[in-house]
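Undergrad: Kindly generate the corresponding structure for this input.
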Amino acid sequence: MNKAIEQMMSEHRLIVRVLGALDTLSTRLASGQSVPRADLARFATFFREFADRCHHGKEEDRLFVAMNHHGFPREYGPVGVMLSEHEAGRQEVRALARLGQGDGPLSAEEARAARAHADQFVPLLLQHIQKEDNVLYPMALQSLPPDALASLEAVCAQFDQEVMKPGEIERLKALAEALIADYPPDEDRLMSFAACAGCAAHGH
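TA: Numbering: from 1, shown residues only. The predicted structure follows:
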């Protein structure tokens, strides 16, 4: 297995666990429990900085570029679909970040909005990750020549050093573990989301 692809799949596993934690937060809101506003900001920070800047950044600026050079256009096809899903996810994370700003407890309307964005985002990203792990990454491994795959390993390692500050990835992984501890994921629900390809959202 290519080290860069292996690392991206490892990052996926952490992102999936935090998606499960966000789903638990949504479930608590659905049952009328209060959730600290700051926790929405904590989730938004993880998804913005780790899932998007670190992980999607490597995909968009390194993997997808290599695939573009070997016959996979950015505008359509598998890479085009992945890029459009990245952008759809960013919109939901921006909304969670906005809700996480400010003071005081979440209003009933804000709690409903937080649930709605979480319930869009969790299945979107879970199904996106499934497509990458099961379709896009194997496609890249089959289609890229050996020199391009070797180069991918080097440029992805360079990306983490140049784009992420020293210690930042470790700090974000610690944030992930704290969120998972605060909102333990329901593994069965995660499996049902992942199996439900094409679902826009799950009701509670």
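Undergrad: Leu126: neighbour count?
TA: 24 (other Cβ atoms under 10 Å). Quick note: C-beta positions are derived from backbone N, CA and C, even for glycine.
Undergrad: I'd guessed it sits against Met191; true?
TA: No. Using Cβ atoms under 8 Å, Leu126 is not in contact with Met191; the gap is 9.7 Å.
Undergrad: Point out the other helices and strands that the helix of greatest length in the chain packs with.
TA: Assignment by DSSP state H gives helix 3-30 as the longest helix of the chain. Identification of packing neighbours for helix 3-30 by 3 or more Cβ pairs under 8 Å, 6 or more residues apart in numbering; DSSP states H and E yields helix 37-46, helix 108-131, helix 137-143, helix 146-163, helix 168-182, helix 187-195.
Undergrad: Reformat those helices as JSON lines; add distance to Glu59 and mean pLDDT.
TA: Compiled in JSON lines, those are given as follows (distance: least, Cβ to Cβ, whole Å; pLDDT from 0 to 100):
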{"stretch": "helix 37-46", "distance to Glu59": "17", "mean pLDDT": "97"}
{"stretch": "helix 108-131", "distance to Glu59": "11", "mean pLDDT": "95"}
{"stretch": "helix 137-143", "distance to Glu59": "10", "mean pLDDT": "96"}
{"stretch": "helix 146-163", "distance to Glu59": "9", "mean pLDDT": "94"}
{"stretch": "helix 168-182", "distance to Glu59": "16", "mean pLDDT": "96"}
{"stretch": "helix 187-195", "distance to Glu59": "19", "mean pLDDT": "76"}
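Undergrad: Would you mind giving the ones you listed as TSV with distance to Asp52 added?
TA: Converted to TSV, the helices and strands packed on helix 3-30 look like this (distance: least, Cβ to Cβ, whole Å):
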stretch	distance to Asp52
helix 37-46	10
helix 108-131	10
helix 137-143	18
helix 146-163	11
helix 168-182	11
helix 187-195	20
